[in-house]
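Colleague: Take this sequence and fold it.
(chains A and B)
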Amino acid sequence: MLTDFFFQLRDGGVPVSVKEWLALLHGLEANVAQYRVEDFYYLARTVLVKNEAHYDRFDRVFAAYFKAVASVPDALVAQIPAEWLRRQAELNLTDEEKAAIQALGGWEKLMETLRQRLEEQKGRHQGGSKWIGTAGTSPFGAHGFNPEGVRIGQEGSRNRRAVKVWDERQYRNLDDRLELGTRNIKVALRRLRKFAREGAAEELDLDDTVRSTARNAGWLDIRMVPERHNAVKVLLFVDIGGSMDDHVKVCEELFSAARSEFKHLEHFYFHNCVYETVWKDNRRRNSERHPVLDVIHKYPADYKLVFVGDATMSPYEISYPGGSVEHHNEEPGAAWMQRLLDVYQKAAWINPQPEDRWGYYDSVGLLRSIMGGRMFPLTLEGLDRAMRELVR
Amino acid sequence: MRFTGTDAYVATDDLRVAVNAAVTLERPLLVKGEPGTGKTMLALEVAKALGRPLLQWHVKSTSKAQQGLYEYDAVSRLRDSQLGDPRVHDIANYIKRGPVWDAFNSEQPAVLLIDEVDKADIEFPNDLLRELDRMEFHVYETQTLVKARHRPAIIITSNNEKELPDAFLRRCFFHYIRFPDRDTMERIVEVHYPGIKKTLLASALNAFFEIREVPGLKKKPSTSELLDWLKLLVAEDIPPEALASQDSGKIIPPLHGALLKNEQDVHLFERLVFLSRRGRG
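Modeller: Numbering: from 1, shown residues only, chains lettered A, B, ... in the order given. Sure thing, here's the model as predicted:
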């Protein structure tokens, strides 16, 4: 039952597994969602969606699916006498109705019955009104396939939905690649992991204990050491907007991989070149800016500095005051780059452009020389080199 | 038995369904949401509403999954062996039970809170897969299998500091606590401070939602902070007019320390208020 919904969800980019689907059916059987479509919606969302980022996708599929189901009885209603309709309206949401639904065996059963009825209806045009009148559509209506019930997510107009189908399919392909890419990048980033013992001593140091116990003439002498933590700290500056749009996907992969790999990762966005301010939330890039000087003062010099950007722009944006495309900068971008590099000795620029194209842009050469040649392509091999450079 | 919120906790419809689904189907419920939206409180209230014992496991960055099950204190056993303590012969004497074991072992079905699961190492959730799924684990030292007498209702909270692994998510139900809207907020306040003066409440809520709108705050005030603030306002008996920031000579709402937790935020807020006042004047 509801199997179509399951596959529509998967097509719609909500990663649902069979296990979760069975859990939902179990939930329906156990009567967790009582007789309201909202409850069913909440239950389905709780069981099937595991990330608030997917809530929107889920809403869209839910709305589309249940609209489609709900639109079928409309066609039937057209063939039903007006008198019957009036009576049905009176029946809506009465106690008898609820009892009838209960008799039908709850929501799950109801959907089944409804589908059977609809199928039967196709063959039986003449007698239709009667049996729908007794049981079919009314509990269905009372169950919230009326406008109020389907309110959850009515945004998807027919037109937009058609477009969405395409969108979703594209996303699915990208998503699959994303998974593979992220894993690879994680492996490359792992090179940057450096473990240090810090904090309170809480692990038994076996070697030292054996040694000192032996020295103690066999009398136990316990030695403890602090636990190992991943001690690498990273400042990540990501170029965003403009020519970077072509590389958004691969940069997102890098970002999400980096996020899960390092405990201390601070990220900032910039556009083309770093000037006096950067920002953390691209939607608020105009209202919430962080001065680069604050960044330099806040994060100690043992942070490793990583830039991600395609470095393709007009050379003036780097070397001249007032060269920025977005605002008037008092000092050239190069000065700000130099200021950062003076503080953070370990630095690398990762460039999503293919390496063989770097020669076509003067700006790439400029930034490369500012970085002291530490520019690497965003490939596994390039990342590997960049990480080697950073731990050197 | 169904969870419908308690007299001290307002549960929205979606939260209610999520909790009931998790309790009925005996699956862990993963709760995410902004800090201060009552994720941890939820477990306490569920336990209270269902009349079940509550076991809490607060996860820290150094927590290991194993610690929730049990810990074997090899060092004290080694030491006892040198001192000739007879307890040494039974290894079970040196096994300390963790909250998960206690929850599995509870006489009646328990509620187990695993708080802030994202604080721990990346591998932490992966180490709990079998325990959450089958509700059993193996004690290596004594070669025994601990199986849950009753599957406890498990509530796991996360602040979204780390992505949780897929395999872990598959075993949980998930609910994201949205920041409450105005109506819900009024209900929440009513539950905590019944009889708070209507006008005071209205102006306090206005001020509160305005402060949440201020861009650039490091930590936006949340429900728990609002409740603290109201408590202070009531205790100090501040008139509602003082909160309507337009006319009073005060720069920022009184007792703002309960709402803004960061001196940079307070400073930013003061600056903004100052600017807007100058603009108006």
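
Colleague: Pull the contacting residues for the residue lying closest to A:K304 once chain neighbours are set aside.
Modeller: Across the structure, with Cβ to Cβ, 6 or more residues apart in numbering or on different chains as the measure, the residue nearest A:K304 apart from its sequence neighbours is A:K346 (4.4 Å). (Each C-beta comes from the backbone N, C-alpha and C, glycine too.) With contacts taken as Cβ atoms under 8 Å, 6 or more residues apart in numbering or on different chains, A:K346 has the following neighbours: A:K304, A:L305, A:E389, A:L390, A:V391, A:R392.

Colleague: got any ranges where the chain has weak pLDDT?
Modeller: I'll assume chain A. Scanning chain A for pLDDT under 70 picks out the ranges A:1, A:34-35, A:68-201, A:229-230, A:241-242, A:260-261, A:263, A:282-285.

Colleague: could you do chain B instead?
Modeller: Using pLDDT under 70 as the threshold, the predicted model of chain B has low-confidence ranges B:1, B:243-255, B:273, B:276-281.

Colleague: how about the helices in it?
Modeller: B:13-25, B:39-50, B:65-69, B:74-83, B:99-105, B:129-134, B:166-170, B:182-192, B:198-213, B:223-236, B:263-280 (DSSP state H).

Colleague: out of these, nearest to A:H267?
Modeller: Shortest distance between A:H267 and those, using Cβ to Cβ, is found for helix B:263-280: 19.2 Å.

Colleague: Now do the residue positioned nearest the centre of chain B against A:G382, distance only.
Modeller: Nearest residue to the geometric centre of chain B (Cα atoms, centre = their mean): B:T40, 2.2 Å. Noted for B:T40: a distance of 44 Å to A:G382, by Cβ to Cβ, to the nearest Å.

Colleague: picking up where we left off before, mind putting the helices of chain B into TSV with distance to chain A?
Modeller: As requested, the helices of chain B are arranged in TSV below (distance: least, Cβ to the nearest Cβ, whole Å):
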stretch	distance to chain A
helix B:13-25	4
helix B:39-50	13
helix B:65-69	11
helix B:74-83	5
helix B:99-105	19
helix B:129-134	10
helix B:166-170	4
helix B:182-192	15
helix B:198-213	11
helix B:223-236	18
helix B:263-280	10
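
Colleague: can you pull the alpha-carbon coordinates of whatever helix or strand A:E266 lives in into PDB?
Modeller: Per DSSP states H and E: A:E266 is located in strand A:264-270. Coordinates of each C-alpha in strand A:264-270 appear next as PDB, following Å, rounded to 0.1, in the frame of the first residue of the first chain:
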ATOM      1  CA  HIS A 264      38.500  23.300  14.500                       C
ATOM      2  CA  LEU A 265      37.400  24.500  11.200                       C
ATOM      3  CA  GLU A 266      36.400  28.200  10.700                       C
ATOM      4  CA  HIS A 267      35.200  29.200   7.300                       C
ATOM      5  CA  PHE A 268      34.800  32.500   5.700                       C
ATOM      6  CA  TYR A 269      33.600  33.600   2.300                       C
ATOM      7  CA  PHE A 270      35.100  36.200   0.000                       C
END
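
Colleague: That strand close to chain B?
Modeller: No - between strand A:264-270 and chain B, judged by Cβ under 8 Å from any Cβ of the partner chain, nothing touches; the nearest distance is 11.0 Å.

Colleague: Check which residues of that strand are buried.
Modeller: Within strand A:264-270, the residues that qualify as buried are A:L265, A:E266, A:H267, A:F268, A:Y269, A:F270, counting by 16 or more other Cβ atoms under 10 Å in any protein chain shown.

Colleague: Over to stretch B:110-122?
Modeller: By neighbour count with 16+ other Cβ under 10 Å, stretch B:110-122 contains the buried residues B:A110, B:V111, B:L112, B:L113, B:I114, B:D115, B:E116, B:V117, B:D118, B:K119, B:A120, B:D121.

Colleague: so how far is B:I196 from B:P239?
Modeller: Counting by Cβ to Cβ, the gap between B:P239 and B:I196 amounts to 13 Å.

Colleague: same check, this time on B:A204
Modeller: When distance is defined by Cβ to Cβ, B:A204 is 8 Å away from B:I196.

Colleague: who touches both of these two?
Modeller: Any residue near both B:A204 and B:I196 by Cβ under 8 Å, 6+ apart counts here, and that gives B:L230.

Colleague: Looking at those two, which has the bigger crowd around it?
Modeller: Using other Cβ atoms under 10 Å in any protein chain shown, the more surrounded residue of B:A204 and B:I196 is B:A204, with 23 against 16.

Colleague: for that one, what are its contacts?
Modeller: Neighbours of B:A204 in contact, by Cβ under 8 Å, 6+ apart: B:L226, B:W229, B:L230, B:L233, B:P240, B:L243.
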